[in-house]
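**Q** can you look at this prediction? I've put the sequence above it.
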Amino acid sequence: LVGAGGYLKEMNPELRLVCVEAAESRVLQGAEKQPEAHGLIGISAGVSLPFVDALAPDQPYQPGPRGMIDEFLGVASSAGVAMAKRLAFTEGLLVGPSSGAACVAALEVASREEMEGKRVVVVFPSNGERYLQHPMFDRIRDEANKELPWCNWCSPE
């Protein structure tokens, strides 16, 4: 987000950067001071980032842009996981839950009336290979076990 986003904003100052984080742990947005547990592995770690202007400890949460980020969108962990599964089954894209959340956010932004006729680009922050043992892929593993009983990758043992 920082490197590519900063460069693209230099090339097109009208570009809007949307930062996605788990709705259950909106620390970057400033809505919560401590990170909470969530299921979007790889995002919303609850650490301050140099591209987000930090809120003072006593400053109340105020929605809106901070630093180079124009908007923060919280996506529920369940929505990110569901979208990752949907992308795998319907689009053939093997992505993780954080990429599912990014897609959910991009679809929400794209559905806004003011976005009609405009381009929305989403970057998937991870591939799904590291999540093959994640419960979201249980169905695929179960089907593979039936079709390929000899496959060691397919069985959890």
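**A** Arrived safely, thanks for sending. All figures in this text were calculated on a predicted structure; none of them were measured in a lab. Numbers count the residues shown, from 1 in each chain.
**Q** ok, Phe124 to Glu14 distance?
**A** 24 Å (Cβ to Cβ, to the nearest Å). For every residue, glycine as well, the C-beta is placed using N, CA and C.
**Q** the more surrounded of these two?
**A** For Phe124 and Glu14, the more surrounded residue by other Cβ atoms under 10 Å is Phe124, and the numbers stand at 18 against 6.
**Q** secondary structure element for that one?
**A** Using DSSP states H and E, Phe124 sits within no helix or strand.
**Q** kindly report the same for Ala82.
**A** Going by DSSP H and E, Ala82 is part of helix 77-86.
**Q** so which bits of that helix are buried?
**A** For helix 77-86, the neighbour count (16 or more other Cβ atoms under 10 Å) marks 77, 79-81, 83-85 as buried.
**Q** what bridges to the residue lying closest to Cys19 once chain neighbours are set aside?
**A** Nearest-residue entry for Cys19: Ile69, 4.6 Å, with adjacent residues in sequence omitted and distances by Cβ to Cβ, 6 or more residues apart in numbering. Taking DSSP bridges as the rule, Ile69 bridges to Arg66.
**Q** circling back: which strands and helices lie in contact with the helix holding Ala82?
**A** helix 97-110 (3 or more Cβ pairs under 8 Å, 6 or more residues apart in numbering; DSSP states H and E).
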